[in-house]
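Enquirer: my questions concern the predicted model and sequence given below.
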Amino acid sequence: MKIIFDESKHKYYINGKEIPSVTEVLQVVAKPNLIYWGVNKATNFLKAKLETDEKYDWEQLFADARKEPDRLKNEASKRGRAVHKWIENYIKTGVKELPDNEEQVCLVKSFLDWVALN
């Protein structure tokens, strides 16, 4: 298998065939579904906090719940950028040294499994 990254177009090709980017694949997800995802994450945050015996500043609790979907999105984005960088380095150098972060290791191993199958 031959993997090529065209930096000028920011596109990947496998055996000459262009593969879609993560962004292109995610465009399939209907945007209204993201609203439900965010509401569920905020609700889960509140539920977890309210199941403890802690005293709360209610205004702060609800403010934190509103921020929870963005916090999770930003964490996922950070993981995605790190794994993308690892994959790009692997494609350029062939080095398979795994990252230190366990979540990233899982994602990298999934990529390597995909490469082995394709």
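Expert: Thanks, I have it.
Enquirer: alpha carbons only: can I get the lowest-mean-pLDDT helix or strand in the chain in CSV?
Expert: Among the helical and strand segments of the chain, the one scoring lowest on mean pLDDT, DSSP states H and E is helix 22-26, with a mean of 72. The C-alpha trace of helix 22-26 is given here as CSV (Å, rounded to 0.1, in the frame of the first residue of the first chain):
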residue,chain,number,x,y,z
VAL,A,22,-12.4,13.5,8.7
THR,A,23,-14.1,16.9,8.1
GLU,A,24,-15.7,15.6,4.9
VAL,A,25,-16.8,12.4,6.6
LEU,A,26,-18.3,14.3,9.5
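Enquirer: and whichever helix or strand comes after it, which residues are buried?
Expert: Using DSSP states H and E, the helix or strand that follows helix 22-26 towards the C-terminus is helix 31-50. By neighbour count with 16 or more other CB atoms under 10 Å, helix 31-50 contains the buried residues 38, 41-42, 45-46. (C-beta placed from N, C-alpha, C; glycine too.)
Enquirer: between the residues you listed, which is nearest A76?
Expert: K41 (11.2 Å; CB to CB).
Enquirer: which pLDDT value goes with that closest one?
Expert: As predicted, K41 sits at a pLDDT of 97.
Enquirer: that one contacts E75, doesn't it?
Expert: No - if you go by CB atoms under 8 Å, K41 and E75 don't touch, sitting 11.3 Å apart.
Enquirer: what bits of the chain have low per-residue confidence?
Expert: 26-30 (pLDDT under 70).
Enquirer: helices along that one, start to end?
Expert: 22-26, 31-50, 58-93, 102-117 (DSSP state H).
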